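*Asks:* no sequence on hand, only this structure:
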């Protein structure tokens, strides 16, 4: 209802809003009535069930001998079950061992254990009370002095404390002056046990060497070298020298790092070769062809040779035109002439660099000779 009021309070009052208010109020009343009826039905059902359970089935049957006997048996069973339930609730939490009687053996064992524990504890108390200090006069006087020192008033404590602090300072100064920064004076070489172990190790090593010598002594012979043995030894030395010399002659000129003929080594070798060719070609283009020939082109002999070669090429071009094209009855056209002229010009152009290179080399050689 509060929600409906809060919602409809914002809207203007029209027929629709009034109808919605009435419908929401009717719905809320219907819901409350339905819940009340449901609660009444549940309570009525529970009351009827309780009444039916309280009334035994034997009340609805006719009273006969069997029904009377059954009713008595049910009453007896209910009483017995009630008595068992009361006994269970009364004895709940109790153990059966508490109601058992103790046997004579159990009582005897309990008494023996109690006496043994008393004996053990009494011995410990006597040991704790035992004073091992003998009653000698010096010990008694020392104990009395200690007791008197403990009974001294705290007024003398600062002097004793100052004295102790002075002693500590002096000890620290002597330690810093004499011992601080020095190595420990203990030398393990001076220890008797260390010397003994060192001597034992030396003897053991000597025994091992002697044992190995005895084992390998049969493999050697100390015979005098004969002339034949000396001759064989000299031949072996000479043969080894000849082998070393041959290997030196074969390896002379090779690099110290010889790689196997692997695929990667071959590829790197080819790449170096191509790189060196490229470098030579670039040097030729820059130094020989690019510089020296420019100076040689300005000479009168080179200009006359170039004019002669151009005239000769024009004469050959005209002769080829007359023999190959006009002599075969083909029609001359501007396109065909242009094509022939272009091909011949490309051939001549390809021949000119070679001719220029040769003439340049000749001029360079003459200049060097002069």
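*Replies:* Here it is on my side, so go on. Predicted model only: the values in this text are computed from it and were never measured.
*Asks:* so, low pLDDT: which residues of the stretch 251-370 of the chain?
*Replies:* Counting by pLDDT under 70, the stretch 251-370 of the chain shows low-confidence ranges at 253-261, 288-298, 324-337, 349-370.
*Asks:* what are the buried residues along the top helix by length along the chain?
*Replies:* Counting by DSSP state H, the longest helix found in the chain is helix 15-54. In terms of neighbour count (16 or more other Cβ atoms under 10 Å), helix 15-54 has its buried residues at 21, 24. Placement of C-beta: from N, CA and C, glycine included.
*Asks:* helix or strand for residue 340, which one?
*Replies:* helix 334-369 (DSSP states H and E).
*Asks:* can you pull out the helices in the stretch 51-200 of the chain?
*Replies:* Using DSSP state H, counting those that start in this stretch, the helices found in the stretch 51-200 of the chain span residues 65-90, 104-129, 137-150, 157-178, 192-216.
*Asks:* of all those helices, which lies closest to residue 319?
*Replies:* Across these, residue 319 has its closest neighbour in helix 192-216 (101.0 Å, Cβ to Cβ).
*Asks:* show the subsequent helix or strand relative to the closest one.
*Replies:* Following helix 192-216 in sequence, per DSSP H and E, is helix 227-251.
*Asks:* any idea how far residue 36 lies from residue 44?
*Replies:* Distance, residue 36 to residue 44, by Cβ to Cβ, to the nearest Å: 12 Å.
*Asks:* next one: residue 15
*Replies:* 43 Å.
*Asks:* next: residue 143.
*Replies:* 98 Å.
*Asks:* same question for residue 242.
*Replies:* Taking Cβ to Cβ, one finds residue 242 at 134 Å from residue 44.
*Asks:* likewise for residue 12?
*Replies:* 48 Å.
*Asks:* equivalent analysis for residue 14, please.
*Replies:* 45 Å.
*Asks:* equivalent analysis for residue 176, please.
*Replies:* From residue 176 to residue 44 the distance is 105 Å (Cβ to Cβ).
*Asks:* again with residue 340
*Replies:* 129 Å.
*Asks:* and residue 276, by the same measure?
*Replies:* Residue 276 is 118 Å from residue 44, by Cβ to Cβ.
*Asks:* same thing with residue 28?
*Replies:* Distance from residue 28 to residue 44, by Cβ to Cβ: 25 Å.
*Asks:* enumerate every residue touching residue 93.
*Replies:* Going by Cβ atoms under 8 Å, 6 or more residues apart in numbering, residue 93 touches no other residue.
*Asks:* tell me the confidence at it?
*Replies:* In this model, residue 93 is scored at 70, pLDDT.
*Asks:* now swap in the one 10 residues further on and tell me
*Replies:* Reading off the confidence values, residue 103 has pLDDT 80.
*Asks:* count the neighbours of it for me.
*Replies:* 9 (other Cβ atoms under 10 Å).
*Asks:* separation between it and residue 339?
*Replies:* On the measure of Cβ to Cβ, residue 103 and residue 339 end up 141 Å apart.
*Asks:* so what's residue 137 up against?
*Replies:* With Cβ under 8 Å, 6+ apart, residue 137 has no contacts at all.
*Asks:* retrieve the pLDDT associated with it.
*Replies:* pLDDT recorded at residue 137 is 76.
*Asks:* state the distance from it to residue 279.
*Replies:* 115 Å.
*Asks:* next: residue 145.
*Replies:* 108 Å.
*Asks:* what do you get for residue 173?
*Replies:* 83 Å.
*Asks:* ok, now residue 149?
*Replies:* Per Cβ to Cβ, residue 149 is found 105 Å from residue 279.
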